[in-house]
Structure formats: structure tokens, C-alpha cells
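Q: from the sequence below, what's the structure:
(one chain, ligands or ions: 1)
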Amino acid sequence: MRSVILAASRSSRVERLVETAPYTRDVVRRFVAGTTTDDALRATRELVGSGLAVTIDHLGEDTVTPEQATAVREEYLTLLTVLAGADLTPAAEVSVKLSALGQKFDEKLAYDNVRAICTAAAAAGTTVTLDMEDHTTTDSTLDMLARLRKDFPSTGAVLQAYLRRTESDCRELATAGSRVRLCKGAYKEPESVAYQSARDVDKSYVRCLNILLSGAGYPMLATHDPRLIAIGQDRARWFDRSPDEFEFQMLYGIRPEEQTRLAGEGHTVRTYLPYGSDWYGYLMRRLAERPANLVFFARALLSRS
Ligand SMILES: Cc1cc2nc3c(=O)[nH]c(=O)nc-3n(C[C@H](O)[C@H](O)[C@H](O)COP(=O)(O)OP(=O)(O)OC[C@H]3O[C@@H](n4cnc5c(N)ncnc54)[C@H](O)[C@@H]3O)c2cc1C
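A: Numbering: from 1, shown residues only. Okay, the predicted model is just below:
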């Protein structure tokens, strides 16, 4: 089922069908703050008010023209100005997909764009985390991260536990000041590069969190999985990590009570908050993760009202 949904996430025919279905809006609203900068600002204010930190993602990926990539950069620059003006930094930072900034067709353009966003984030008193996309982009993304961190040392990376290479990447990145978000991984990847069973991915996640929590960097444990969260808490105690030395991260709309519960226990918890009109790929990855969400989805597709 997961493979079918992830394949559909690349189909423009299914995309049109989903976008025009009457109840789609209800499904989207659960996972996405809205379409405008104001929507992102409103949701950020609410989350920060309830004791959560936030990372904001302007939705969109795989741009194909320089003009599209520049428009994405400009959107982030506006967002950062607005966040600073509303006194929401440093509680809110931003997450960026390099493919939205041109990585797939012009790496130099993507680098110039992300560098401009890092410069604006620093001026706004916050920072940037580079999302990780499919495995063909991992080397390029880690290479840009290394270059950015020379001038913007707090720039964060994402590592995906499903990739066989990730334990080694964790060792490389578990250095002083290095912010690393560890997630399971959301793309359809071949056996040659990625563990295929949930059990193997979970085991890899635990090995990776041990490396990060025992290292000198700042680990960001991004998962909704109750077992992995409990292991993360246990290992953080074992490695003597105080609440300001690591954090948990979860997606907007997923296990919100757990997010506030952990924050209430004194943990730093950051909500990943997407906004924008280009929500299709993001929504499909969320549906692929949890077949129960397909009930809402099926209603949206089948409704004739
Ligand atoms: C902050 C953050 C940033 C991320 N950034 C990236 C990235 O840059 N690149 C990337 O490849 N992936 C990213 N991901 C996605 C990640 O890789 C996983 O696909 C996603 O988090 C689901 O895995 P899980 O660890 O929650 O465990 P799962 O095994 O998928 O889920 C565990 C439990 O969490 C709950 N749950 C999980 N997903 C859902 C859902 N969609 N709806 C409702 N309940 C759910 C359920 O209770 C489920 O039993 C990110 C995730 C987070 C939280």
C-alpha cells in the first residue's frame, strides 16, 4: 500500500484527481497550516503560545525553472522578516527542501538560494534546517550543508534511518554545534540503499540515536513512534543530556497531544509546520505512512457532493 501511494505521489493524473476532490481541503487542513504567510504566522503563534518550538516549511519541491526556485527563495525571505517582526524567532526556524531551490537542475543556483535564506535567517535571529529528500540527493545536500556550516554553523541536517549509509553519516555529523534531525525516512527507496522492513529501520534508528546522543552535537529526534520516543528519553538520561541539549520533533497535526505532553515534561519539542499551496507530495507521504488516514482520503476522492 505504501509503495502504491508513494508512486501516486509522482503521478500528475492522480494529483489532479486529488486536488479537485470536494473533501480534499478537510484532509489537507489536518496536516497543513494554510496557504499564505499569514496562515503560517497564525499557526506558529498558537504553537509557540502552547510551549512548542516550530520549524516552518514552505511547501514545494522539485522545481524545474530558475524562476520557480527564485520565487521559493523570496517566499522564505518574506517569511523570515515576518517572523522576526512578530518576535517569533528564535522559537521558530525554517526547514528548506533544496529541490525547491533548484538542486535537481542547477546546484549552484540552489546553493546561492539556500545561502541567501541562511543569511536572512541569521539576520532574523534564527536558523535553517535542510530537509533530506530521496537518496540521489543525499551527497549533494550534505556537501552544501558542509559549505553552509562554515559561515552558518547552526545550519541543521536531516538524516534518514532507513538508509544503510546513515550510521556512518551520524558519526561524521555528531560534532560540536552540529544540529542533526534523525527521522525514519519518507521516500520509496531501493533495497540496495535502504532497509526495507519496519523492524530493520527501527533498529537502525536506535543505533543512530545512540551515536547522536553520545556525540557532541545537538540531536533532534523526529518521530511519532512511541517506542522510539521512550528509547530516546531513556538514552538521553543515560548520556546525561539536559533538555536544552537535544529535542523531539513531530509533524503538525500528528499526535498533537503527545507533543504538548512531552513539552509539559520539560522536553524541547518542535513542530514541523508546512504551509503553501503546493501540498500534494507532502500529503501523499503522510498518507503513505499511515493507512488509517486513507479513510479520510477515500471520502475525499469518492464524494460526489
Ligand atoms: C519533524 C520531522 C521532519 C521530517 N523531515 C523529513 C525529511 O527531511 N526527510 C524525510 O525523508 N522524512 C522526513 N520526515 C518524515 C519521517 O521520515 C517519517 O516518514 C515520519 O515521521 C513517520 O515516521 P515515524 O517515525 O513517525 O514512525 P511511524 O512508524 O511511521 O509511526 C509511528 C506512529 O506514529 C503515528 N503516526 C505516524 N505517522 C502518522 C501519520 N501520517 N498520521 C497519523 N499518525 C501517524 C502513529 O501512531 C504510528 O503508529 C520528518 C518527520 C518529522 C517528524
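
Q: all helices for the stretch 101-250 of the chain, in order.
A: Ranges of helices within the stretch 101-250 of the chain are 107-123, 138-151, 166-173, 198-214, 226-238, based on DSSP state H, counting those that start in this stretch.

Q: where does the closest residue to residue 262 other than its chain neighbours fall, phi/psi-wise?
A: Excluding the flanking residues, the one nearest residue 262 by Cβ to Cβ, 6 or more residues apart in numbering is residue 269, at 4.9 Å. No exception for glycine: its C-beta is placed from N, CA and C like everyone else's. Main-chain torsions, residue 269, degrees, to the nearest 10: phi -130, psi 130.

Q: contacts only, for residue 269.
A: Residue 269 makes contact with 51, 52, 53, 247, 248, 249, 250, 259, 260, 262, 263 under the criterion Cβ atoms under 8 Å, 6 or more residues apart in numbering.

Q: burial count for the fifth one?
A: The number of residues packed near residue 248 is 25, by other Cβ atoms under 10 Å.

Q: one more: the first one?
A: Residue crowding around residue 51 was assessed by other Cβ under 10 Å; the count is 14.

Q: show me what contacts it?
A: By Cβ under 8 Å, 6+ apart, the contact list for residue 51 reads 260, 263, 264, 269.

Q: pick the one among these closest to residue 108.
A: Lowest distance from residue 108 to these (Cβ to Cβ) belongs to residue 269, with 36.4 Å.

Q: show me what the closest one is bridged to.
A: Partner residues in beta bridges with residue 269, using DSSP bridges, are residue 248.

Q: what score does it have for pLDDT?
A: What the model reports as pLDDT for residue 269 is 98.

Q: what about it, distance to the ligand?
A: Separation of residue 269 from the ligand (Cβ to the nearest ligand atom, to the nearest Å): 10 Å.

Q: name the residue closest to the centre of this protein, please.
A: For the chain, residue 131 is the residue whose C-alpha lies nearest the centre (Cα atoms, centre = their mean; 5.4 Å).

Q: tally of neighbours for residue 25?
A: 11.

Q: is the ligand contacted by the host helix or strand of it?
A: Taking DSSP states H and E as the definition, residue 25 sits inside helix 24-31. No. Helix 24-31 stays clear of the ligand (Cβ under 6 Å from any ligand atom), getting no nearer than 7.6 Å.

Q: can you check stretch 129-143 too?
A: Yes. Using Cβ under 6 Å from any ligand atom, we find that stretch 129-143 touches the ligand at 131, 132.

Q: can I get that stretch in PDB? Just the C-alpha atoms.
A: The C-alpha atoms that make up stretch 129-143 are tabulated as PDB, following Å, rounded to 0.1, in the frame of the first residue of the first chain:
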ATOM      1  CA  THR A 129      17.400  23.000   8.600                       C
ATOM      2  CA  LEU A 130      18.000  21.300   5.200                       C
ATOM      3  CA  ASP A 131      15.300  18.700   4.700                       C
ATOM      4  CA  MET A 132      16.500  15.400   3.200                       C
ATOM      5  CA  GLU A 133      14.800  14.100   0.000                       C
ATOM      6  CA  ASP A 134      15.400  10.900  -2.000                       C
ATOM      7  CA  HIS A 135      18.800   9.200  -1.800                       C
ATOM      8  CA  THR A 136      20.000  10.600  -5.100                       C
ATOM      9  CA  THR A 137      20.300  14.000  -3.400                       C
ATOM     10  CA  THR A 138      22.000  12.900  -0.200                       C
ATOM     11  CA  ASP A 139      25.600  13.600  -1.200                       C
ATOM     12  CA  SER A 140      24.800  16.900  -2.800                       C
ATOM     13  CA  THR A 141      22.700  18.000   0.300                       C
ATOM     14  CA  LEU A 142      25.500  17.000   2.800                       C
ATOM     15  CA  ASP A 143      28.000  18.800   0.600                       C
END
